[in-house]
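1. Compute the structure for the input listed below.
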Amino acid sequence: MSLSESVKNKIDNYVHGNKVVLFMKGTPQQPQCGFSAKTIAALDSLLPDYASVNVLEDPAIRDGIKEYGNWPTIPQLYINGELVGGCDIVLNMLNSGELHACLNLEAPDRTPPEITVTSKAAAQIKESMQGHEGFALHFQVDANWNSQFNLAPAEGNEISTESNGVRILMDLATAQRARGAVIDWVSSIQGDGLAVDLPQAPPPVKQMTVQELAEKLAAGTTTLVDIRGDDEREQAFIDGAKVLTKEVMEQLEQMPKVSEIAFLCHHGNASQGAAEYFRKKGFTKISNVAGGINAWSLEIDSSVPTY
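-> Residues are numbered from 1 along each chain as shown. Predicted structure coming up:
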């Protein structure tokens with residue numbers, strides 16, 4: 001299909017109106033495909049902010065961007081008006097340091113992290129690798145701090161470290177997250193397997209009681225964010241709470257990582273997801289209000305209606 005002039009102009013505005021723009025499926029907060037999620041993680045590790053276009057919201061852009069740069073897949077990254085490529089190219093450039101150069105950033109720290117592989121884990125890994133000559137052990141810690149291992153040939157840009165006779169390859173982002181990691185072999189009710197302790201991982205989301213919330217709001221030491229929709233907030237609301245709009249999301253992401261932020265919903269379930277998002281962004285004092293505004297109504301302020 002041919003690219004219409006109106007769609008081309010629309011894409012032009014995105015590409016040339018932003019230093020960095022990613023055409024993706026979903027949003028940086030909620031990517032809708034694995035390749036978009038991986039590309040977002042790469043960019044998030046380098047940039048505090050960049051433009052993104054959710055192609056799922058505009059079929060004309062979704063089809064047009066493929067014609068525009070003669071690139072068949074999505075996501076697509078543009079820097080300074082030039083097509084960089086898709087997920088695999090972005091990840092390779094991140095690990096080689098080329099992406100840093102494109103963004104005028106300092107060369108990445110490629111110092112191999114110190115990782116401890118226990119004797120028990122080393123024995124199991126070596127046994128599993130027998131018969132896989134030409135393959136290397138790859139270790140990955142993603143942006144959500146989930147870890148995994150796989151056997152694959154070395155690509156050449158990996159960072160390598162060794163412990164207890166086990167050589168481990170990892171990408172640049174993993175190397176930063178894996179510093180001080182301990183890899184052990186454990187037995188549990190799920191069976192035997194490798195267990196990874198990651199000291200660099202942000203602390204878990206705290207479950208804040210409504211009593212604690214009341215004290216912190218009175219002292220002005222926490223930012224309360226209400227993630228509910230307009231209909232629910234019209235029924236019950238806590239004075240001083242921020243509404244989670246796109247603008248507020250951007251403001252929160254720019255706050256210092258040690259800022260105290262508490263997330264609120266009806267019963268404390270949906271707000272857990274919002275809290276987890278900010279925890280994974282590196283915020284260290286994130287809380288979820290246990291019981292939500294329902295608990296606030298019942299235990300703190302009866303003038304706030306229940307529903």
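2. What lies in contact with stretch 18-25?
-> Residues external to stretch 18-25 that are found in contact with it (CB atoms under 8 Å, 6 or more residues apart in numbering): 14-15, 31-33, 36, 39-40, 43, 47, 50-56, 61, 65, 74-80, 103. Placement of C-beta: from N, CA and C, glycine included.
3. Please point out which parts of it sit buried.
-> Under the neighbour-count criterion of 16 or more other CB atoms under 10 Å, stretch 18-25 has 18, 20-25 buried.
4. residue boundaries of the helices in this protein?
-> 5-16, 34-44, 59-68, 87-96, 98-102, 119-129, 172-177, 210-219, 230-235, 246-253, 270-280, 292-299 (DSSP state H).
5. Which of these sits closest to T161?
-> If you check each of the helices of the chain against T161 by CB to CB, helix 172-177 wins as the nearest, at 7.9 Å.
6. Give the other helices and strands that the closest one contacts.
-> Under the contact definition 3 or more CB pairs under 8 Å, 6 or more residues apart in numbering; DSSP states H and E, helix 172-177 sits against helix 87-96, strand 136-141, strand 159-163.
7. would a markdown table of those with mean neighbour count and distance to A219 be doable?
-> As requested, the helices and strands packed on helix 172-177 are exported to a markdown table (neighbours: other CB atoms under 10 Å; distance: least, CB to CB, whole Å):
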| stretch | mean neighbour count | distance to A219 |
| --- | --- | --- |
| helix 87-96 | 20 | 42 |
| strand 136-141 | 20 | 36 |
| strand 159-163 | 16 | 44 |
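8. Let's have these in JSON lines, adding distance to P305.
-> As requested, the helices and strands packed on helix 172-177 are arranged in JSON lines below (distance: least, CB to CB, whole Å):
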{"stretch": "helix 87-96", "distance to P305": "47"}
{"stretch": "strand 136-141", "distance to P305": "45"}
{"stretch": "strand 159-163", "distance to P305": "55"}
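9. Using TSV, please lay out these together with mean pLDDT and distance to T118.
-> As requested, those are exported to TSV (pLDDT from 0 to 100; distance: least, CB to CB, whole Å):
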stretch	mean pLDDT	distance to T118
helix 87-96	92	27
strand 136-141	95	15
strand 159-163	96	9
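10. Share the number of residues neighbouring F283, please.
-> The number of residues packed near F283 is 22, by other CB atoms under 10 Å.
11. quick revisit: nearest to T306, of the buried residues of stretch 18-25?
-> Taking the buried residues of stretch 18-25 together and measuring to T306 by CB to CB, the closest member is K25, at 38.8 Å.
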